[in-house]
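**Q** pasting the sequence and the predicted coordinates here, then a few questions.
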Amino acid sequence: MKKILTATALCGLMTGAAHAEKIGVAMSLFDDNFLTVLRHNIQRHADELGVEVQMEDAQGDIARQQSQIENFAASGVDGIITMLVDADSGRAMSKVAEQAGIPLVFVNMLPANMDSFPEKQAWVGSDEEQAGRLETTEVCKLMGGKGQAVILLGQLGTTGQRGRTKATEEVLATDACKDIEVLDQQTANWMRTPALDLMTNWITSGMQPTAVISNNDEMALGAIQALKSAGVSMDDVIVSGVDATQDALAAMEAGDLDVTVYQSAKGQVEGALETVLQIARGEAHEQRVVVPFELVTPENVADYKAKN
């Protein structure tokens, strides 16, 4: 069963814990702007609910993350929340939690085994294709349906990279956008510095894109740095991203970033905590909770400054 929740609706789900339940949280990476927002919101909402959380950093390592989940299971936590390093590793994480009889909720990244979850497992996140569709449709509109673009890809194979890129390619294939030529698309692994380097290489090779479509804000910000360092006027290039991080919103207010898409870290983690507690308490729960993305432009950027 699928349930769609807004961040506001999720706030209404809050229930008091009868005792200080303990939840283990296995994050894919601490050193990432959006994931830092996720982490802070988990701690904030856990404090509101009177729940103890223990957070671990996988540092982008699948084996490390599996070991962390195994340790949580062995320590007898009431439930586990994980933001996966890789979608395909979901099967192994599910197996560990199922064998221990401990509730497991995946947050943000959609695991590859979503369609075969055990009873005590769930996913809370957002539709990645919706993000790519909102982003690229707005970019196409700003470009007037023609021009040249480069695409910055997230970590290859992740659900975010696949979903956002698929939607971007579908939008660019429509009649309204088919005159936009994609000069190149390469991965910068969600990170600012690799995106800066990649954009610099593209500029050095002679490319002069009129748009940079990025799978996330961090890479978009790296591209902006490269463009400005090369003396390119930001009035001449449309740059877009996803997440609506505080750095991205500041870049938008400065006139450097043209489009981003709000991903509700608050909504996702509140949903994840509520769901894992529902499972742990034997209450009814949804196995798929979807938190919608929202388009952010210079016209409505002020509305998103305090959302995450």
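**A** Done, it's in. Numbers count the residues shown, from 1 in each chain.

**Q** measure residue 281 to residue 103 for me?
**A** Distance of residue 281 to residue 103, computed by Cβ to Cβ, to the nearest Å: 9 Å. C-beta here means a position set from N, CA and C on the backbone, and glycine is covered the same way.

**Q** and these two? Which one has more around it.
**A** Each of residue 281 and residue 103 has its neighbours counted (other Cβ atoms under 10 Å); residue 103 has more, 26 against 15.

**Q** pLDDT score assigned to the more buried one?
**A** The model reports residue 103 with a pLDDT of 97.

**Q** again, but for residue 10
**A** With respect to pLDDT, residue 10 scores 41.

**Q** again with residue 4
**A** Model confidence at residue 4, given as pLDDT, is 48.

**Q** ok, now residue 19?
**A** Looking at residue 19, its pLDDT reads 59.

**Q** what are the phi and psi angles of residue 215?
**A** phi -70, psi -20 (degrees, to the nearest 10).

**Q** excluding its backbone neighbours, what's nearest it?
**A** Ranked by Cβ to Cβ, 6 or more residues apart in numbering and with sequence neighbours excluded, the top spatial neighbour of residue 215 is residue 154, at 4.1 Å.

**Q** that neighbour reaches residue 216, doesn't it?
**A** Yes - contact criterion Cβ atoms under 8 Å: residue 154 and residue 216 qualify, at 5.9 Å.

**Q** neighbour count for those two, which is higher?
**A** residue 216 (30 against 25).

**Q** so who does that one touch?
**A** When contacts are counted by Cβ atoms under 8 Å, 6 or more residues apart in numbering, residue 216 touches 34, 154, 160, 190, 241-243.

**Q** isn't residue 92 right next to residue 65, touching?
**A** No - checked against Cβ under 8 Å, the pair residue 92 and residue 65 is beyond contact range at 9.3 Å.

**Q** residue 250: neighbour count?
**A** Counted with other Cβ under 10 Å, residues neighbouring residue 250 total 14.

**Q** residue nearest the centroid of this structure?
**A** residue 108 (5.9 Å; Cα atoms, centre = their mean).

**Q** how close does that one get to residue 86?
**A** Residue 108 is 13 Å from residue 86, by Cβ to Cβ.

**Q** next: residue 306.
**A** For residue 306, the distance to residue 86 - Cβ to Cβ - is 32 Å.

**Q** can you check residue 232 too?
**A** From residue 232 to residue 86 the distance is 35 Å (Cβ to Cβ).

**Q** spit out the residues that contact residue 154 and residue 216 alike.
**A** With Cβ under 8 Å, 6+ apart, residue 154 and residue 216 have common neighbours 160, 190.

**Q** what sits against the residue nearest to residue 215?
**A** 160-161, 164, 187-190, 215-216, 219.

**Q** output those residues as CSV; include the columns pLDDT.
**A** Formatted as CSV, these follow (pLDDT from 0 to 100):
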residue, pLDDT
160, 91
161, 94
164, 97
187, 98
188, 98
189, 95
190, 94
215, 98
216, 97
219, 98
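
**Q** just the buried subset of those residues, please.
**A** Buried residues within the contacts of residue 154, counting neighbours by 16 or more other Cβ atoms under 10 Å: 160-161, 164, 187-190, 215-216, 219.

**Q** and which of the residues you listed is nearest to residue 286?
**A** Of all the buried ones among the contacts of residue 154, residue 160 has the smallest distance to residue 286: 21.4 Å, by Cβ to Cβ.
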